[in-house]
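> Return a 3D structure for these sequence lines:
(chains A and B)
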Number of protein chains: 2
Amino acid sequence: MIFVEKLLNASRQNNSLVCIGLDPDLKLIPYGLNIFDFNKAIIDSTNDLVCAYKLNFAFYETLGVEGFDVLKRTVDYIPNDILTIGDAKRGDIGNTAKAYADAIFSKLNFDATTVNPYLGFDSIEPFIQYKDRGVFILCRTSNPGSDDFQSLSYQNGSQNSYLFDLVATKASRWDKYGNIGLVIGATYPQELNTIRERFPSMPFLIPGIGAQGGDLEKVVLYGVDANGEKAIINSSRQIIFASKGSGFASAARKVATELRDRINYYRKKPI
Amino acid sequence: MIFVEKLLNASRQNNSLVCIGLDPDLKLIPYGLNIFDFNKAIIDSTNDLVCAYKLNFAFYETLGVEGFDVLKRTVDYIPNDILTIGDAKRGDIGNTAKAYADAIFSKLNFDATTVNPYLGFDSIEPFIQYKDRGVFILCRTSNPGSDDFQSLSYQNGSQNSYLFDLVATKASRWDKYGNIGLVIGATYPQELNTIRERFPSMPFLIPGIGAQGGDLEKVVLYGVDANGEKAIINSSRQIIFASKGSGFASAARKVATELRDRINYYRKKPI
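Now for the predicted structure:
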């Protein structure tokens, strides 16, 4: 099944735009638990509430040799009807990008990944060649440093435009297989609005609510497509570390349920 | 010892600006050899000819679970007086960048790494906090897609400037510990010249000679500092795959020697 279908099926089946970021931190998980078992408990307790799980590679690479193994076992454990996103933000020249794409899509078998646009088309092309997988290009990120370069303003014909706009424009031109999406931070709702208007049917991966403070109502209002879909709203720490005690999995379920319901409330609210 | 000192010591001791990229490819190494033994043979045969080894993470991640182990054993095997560069091109938000920096500098113990600037300062700061390690920020990359965004032109006061210029300018402003360098592709000698004039003492990591076709004479002339140093000129495939037969290590030595000598010829050639 192709990536966009899998995304729509998952979000319809669970009536949810929630993505949970499985970004474990040994210092924050209950004492004595290993990371795979932590992930497993969170997945068991939330997989009927989400459309996707996102695994940021950094939190696995920092585990050393066992990291890749935990990453692989976690992806394999996620039920098949839920989208898996390998949040690796890779960006390298052609032959190297090919090796990364192979690692993420063939070896680890993720449904989708994130890539950095700074190196341009040949750094992204090997990923989009996996036509049934999704490729989310970083466009406007949620962090404070996002303004250092992404909001660089330039003269585009008679108009003023920004680097992140150019990234969105090129991403859409490169999208010959319909498997490209954009990463747009919840902390920039105005930009989210502008880019959604220009690209009404692209899937958006939206981090930055919760711990990073994005405004959920605006994010939903501006992020979804005309059917109220194709926005994947990620929360990591607020859900998985909702409690540090033995009840962490049911605490995570509670927070994920509330988030799903708040998003659905805004989705259905008449404008 | 801090990173810049280690670089200068290594390049003086071996009278070399050559960096060998240890980017193994199972399809190109002699049949039956494992990747660690391949790397070991290349290192044994070339470590008196180089100032640095650069390991691109993609070629290890694609090995799956054993990749991290081979990466770690290879870095550990490189003699202590030679600089090790973990070419990971990471770029992620603050708390995630911290996990990547920990993986590369603490767990794997690389002397230096490469980072992607698209996410801005907070994505780079956790790396530069390792004050004795080097952080090479991607500025102008060697690949064809480099023009998609890096050469975006904008109005900078009364002058015309480019995104890669802005990256170099900000990198230099962020360089409070003297451990930031720039990655500038050999395929853009004119840009290399301009940036060296503006930043006379920053270390440059220069990929893109050899297989990618950069002009070596210009690269040396424009890339080095006033003392003919602080340029790290990388070659990967042309050296490590110089021969695919059992004599691969001595073939690599031959090509590395020629490269070192050609670079030194241009370094000493009066302008």
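
> ok, A:D225 - contacts?
Applying Cβ atoms under 8 Å, 6 or more residues apart in numbering or on different chains, we find A:D225 in contact with A:196, A:200-201, A:231. All C-beta spots, glycine's among them, are computed from the backbone N, C-alpha and C.

> again with A:S123
A:91-94, A:97, A:115-117, B:143, B:145.

> what about it, which SS state?
helix (DSSP: H, G, I helix; E, B strand; the rest coil).

> For A:R90, see how far away it is.
8 Å (Cβ to Cβ, to the nearest Å).

> between the two, what contacts are shared?
A:97, A:115-116.

> could you dump those residues to JSON lines with neighbour count and pLDDT?
Below are the shared contacts of A:S123 and A:R90 laid out as JSON lines (neighbours: other Cβ atoms under 10 Å in any protein chain shown; pLDDT from 0 to 100):
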{"residue": "A:A97", "neighbour count": "23", "pLDDT": "95"}
{"residue": "A:V115", "neighbour count": "27", "pLDDT": "98"}
{"residue": "A:N116", "neighbour count": "26", "pLDDT": "98"}
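
> Export those to TSV and append columns for secondary structure and distance to chain B.
Putting the shared contacts of A:S123 and A:R90 into TSV (DSSP: H, G, I helix; E, B strand; the rest coil; distance: Cβ to the nearest Cβ, whole Å) gives the following:
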residue	secondary structure	distance to chain B
A:A97	helix	7
A:V115	strand	10
A:N116	coil	5
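
> most neighbours, which of the contacts of A:D225?
Greatest neighbour count in these, by other Cβ atoms under 10 Å in any protein chain shown, goes to A:A231: 24 neighbours.

> That one reaches A:L17, doesn't it?
Yes - with contacts counted by Cβ atoms under 8 Å, A:A231 reaches A:L17, the gap being 5.4 Å.

> so how many other residues sit close to A:R198?
A:R198 has 12 nearby residues by other Cβ under 10 Å.

> Report pLDDT for it.
Looking at A:R198, its pLDDT is 97.

> can you check A:V70 too?
Looking at A:V70, the pLDDT reads 95.

> helix or strand for it, which one?
helix A:65-77 (DSSP states H and E).

> orientation of that helix relative to helix B:65-77 in degrees?
170 degrees (axes from the mean of the first three to the mean of the last three Cα atoms, to 10 degrees).

> ok, helix A:65-77 near chain B or not?
Yes - Helix A:65-77 lies within reach of chain B by Cβ under 8 Å from any Cβ of the partner chain, at A:65, A:67-69, A:72.

> Over to stretch A:32-42?
No - Stretch A:32-42 stays clear of chain B (Cβ under 8 Å from any Cβ), getting no nearer than 12.6 Å.

> ok now stretch A:233-241, how far from the chain's centre?
12 Å (Cα atoms, centre = their mean, to the nearest Å).

> Please apply the same query to stretch A:193-205.
15 Å.

> right, is that stretch up against chain B?
No - Stretch A:193-205 stays clear of chain B (Cβ under 8 Å from any Cβ), getting no nearer than 13.6 Å.

> Send me that stretch as CSV with only the CA atoms.
These are the backbone C-alpha positions of stretch A:193-205, laid out as CSV (Å, rounded to 0.1, in the frame of the first residue of the first chain):
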residue,chain,number,x,y,z
ASN,A,193,-1.6,28.7,7.0
THR,A,194,0.2,30.2,4.1
ILE,A,195,1.8,26.9,3.0
ARG,A,196,-1.4,24.9,3.4
GLU,A,197,-3.2,27.4,1.1
ARG,A,198,-0.5,27.0,-1.5
PHE,A,199,-0.3,23.2,-1.2
PRO,A,200,-3.8,22.0,-0.4
SER,A,201,-3.2,18.3,-0.7
MET,A,202,0.3,17.7,0.7
PRO,A,203,0.7,15.7,3.9
PHE,A,204,2.2,17.9,6.7
LEU,A,205,4.1,16.5,9.7
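
> mind listing the strands in chain A by residue range?
Using DSSP state E, the strands of chain A run over A:18-21, A:52-56, A:83-90, A:112-115, A:134-140, A:153-156, A:159-162, A:180-184, A:204-206, A:231-235.

> between the residues of helix A:65-77 next to chain B, which is nearest B:G208?
A:F68 (29.6 Å; Cβ to Cβ).

> Would you check how far apart that closest one and B:K107 are?
For A:F68, the distance to B:K107 - Cβ to Cβ - is 13 Å.

> Same question for A:Y265.
44 Å.

> neighbour count winner among the two?
Using other Cβ under 10 Å as the criterion, A:Y265 and B:K107 rank with B:K107 on top: 16 against 12.

> Next one, pLDDT for the more buried one please.
At B:K107, pLDDT is 92.
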